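Undergrad: Provide a 3D model corresponding to the input given below.
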Amino acid sequence: MFPMTPDEYKLLYTDEDGVVVGLDEVQLIDPPIIERVPALIDLLDSTNHLVVYESALILSAWGFDFGVDKIELMIDSDSSLPVELSPNRINGEDNCFDEMAYAIYLYGLSGGSMTKVKELFCKFLKIYPRHFFESKLKYVLLKSNICELADDVCMAIITTHKNGRIYQAGQLLPVLSLYNPSKGWGVISDLITNKDLMPYLAVNIAESLKFIKTRESLDLLRSLMQFSRSEVADEVQNSLSVLADCF
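TA: Alright, predicted model coming up:
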């Protein structure tokens, strides 16, 4: 669907020695391959949507504003993006915005403007309820700890839940609980009133509760031990180990 030339393939998927390592590893090359940057910038004007997208990811991850500016344009025109730029291997939904969020996080680590990082994270949260995000936005928000985004995270959770993406809404509960424990507890309390939702939210609620250091949080965490799924049990034990030192 997105045929590439050999030169494009080399620019996007090989390391400094020409060895094929894949897009993810190219983004992590440090220091960046400076001599490759002008060619990657040229690719931002390609008619091949995948080439444009992946060039933007690499340039952003390497700390260059050219890539960030292109990603921002993609976010702002999200309704017109071509589908399946980054299809999820399980459900086939396009995970491109999640991948963009990770590239913006790497941009910040590479010396990029943190003001721009915060601005784009805010934009990702605004489109979060309408698009598939697997887990990378959650990961980068937890790592970044930008507490002033708490209200945006809260709104993203509520709207995503209303849109029927229950598990995806829950993904941001740990972020909200880290940024603002009181808001996190309030949203969790609202969501757990519907017992039918609990199996879908239990893992993320268990992770969230380690950031809410109250007796009520500890009691709820212990009640989650009823779930037999191993991923829930593991998260409960992890959070219990954190809260055990608080009381």
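Undergrad: can we go C-alpha only for contacts and neighbour counts from here?
TA: Will do.
Undergrad: tell me which element the residue nearest to the spatial centre of the chain falls in.
TA: In the chain, the centroid-proximal residue (Cα atoms, centre = their mean) is Leu137; its distance is 1.2 Å. Per DSSP states H and E: Leu137 is located in helix 136-144.
Undergrad: for that helix, buried residues please.
TA: Lys136, Leu137, Lys138, Tyr139, Val140, Leu141, Leu142 (16 or more other Cα atoms under 10 Å).
Undergrad: now do it: everything it contacts.
TA: For helix 136-144, contacts defined as Cα atoms under 8 Å, 6 or more residues apart in numbering pick out Asp98, Glu99, Ala101, Tyr102, Tyr105, Gln171, Leu172, Pro174, Val175, Leu178.
Undergrad: which other helices and strands contact the helix or strand in which Asp98 is found?
TA: Assessed by DSSP H and E, Asp98 sits inside helix 96-109. Packing partners of helix 96-109 (3 or more Cα pairs under 8 Å, 6 or more residues apart in numbering; DSSP states H and E): helix 49-61, helix 65-76, helix 114-127, helix 136-144.
Undergrad: what packs against the third one?
TA: For helix 114-127, the packing partners by 3+ Cα pairs under 8 Å, 6+ apart come out as helix 65-76, helix 96-109, helix 150-162.
Undergrad: please state the offset of the shortest one from the chain centre?
TA: A distance of 16 Å separates the centroid of the chain from that of helix 65-76, by Cα atoms, centre = their mean, to the nearest Å.
Undergrad: and it with helix 49-61, angle?
TA: Using axes from the mean of the first three to the mean of the last three Cα atoms, to 10 degrees, the inter-axis angle of helix 65-76 relative to helix 49-61 is 120 degrees.
Undergrad: buried set for helix 65-76?
TA: Asp65, Phe66, Gly67, Val68, Lys70, Ile71, Glu72, Met74, Ile75.
Undergrad: got it, and the last one?
TA: Of the residues in helix 150-162, those with enough neighbours to count as buried (16+ other Cα under 10 Å) are Ala150, Asp152, Val153, Cys154, Met155, Ala156, Ile157, Ile158, Thr159, Thr160, His161.
Undergrad: which residues of this structure score low on pLDDT?
TA: Applying pLDDT under 70 to the chain picks out residues 1, 79-80, 83, 194-198.
Undergrad: can you rerun that using 80?
TA: 1-2, 78-83, 92, 192-200, 228, 245-247 (pLDDT under 80).
Undergrad: re earlier: the helix holding Leu137 to helix 150-162, inter-axis angle?
TA: Here helix 136-144 runs at an angle of 160 degrees relative to helix 150-162 (the same axes, to 10 degrees).
Undergrad: what angle do helix 136-144 and helix 96-109 make?
TA: If you take the same axes, to 10 degrees, helix 136-144 sits at 20 degrees to helix 96-109.
Undergrad: could you dump helix 136-144 to CSV, C-alpha only?
TA: Only the C-alpha atoms of helix 136-144 are listed here, as CSV (Å, rounded to 0.1, in the frame of the first residue of the first chain):
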residue,chain,number,x,y,z
LYS,A,136,2.7,4.7,24.9
LEU,A,137,0.9,8.0,25.7
LYS,A,138,0.3,6.6,29.1
TYR,A,139,3.9,5.6,29.5
VAL,A,140,5.3,9.0,28.4
LEU,A,141,2.9,10.9,30.6
LEU,A,142,3.9,8.8,33.6
LYS,A,143,7.6,9.4,32.8
SER,A,144,7.2,13.1,32.2
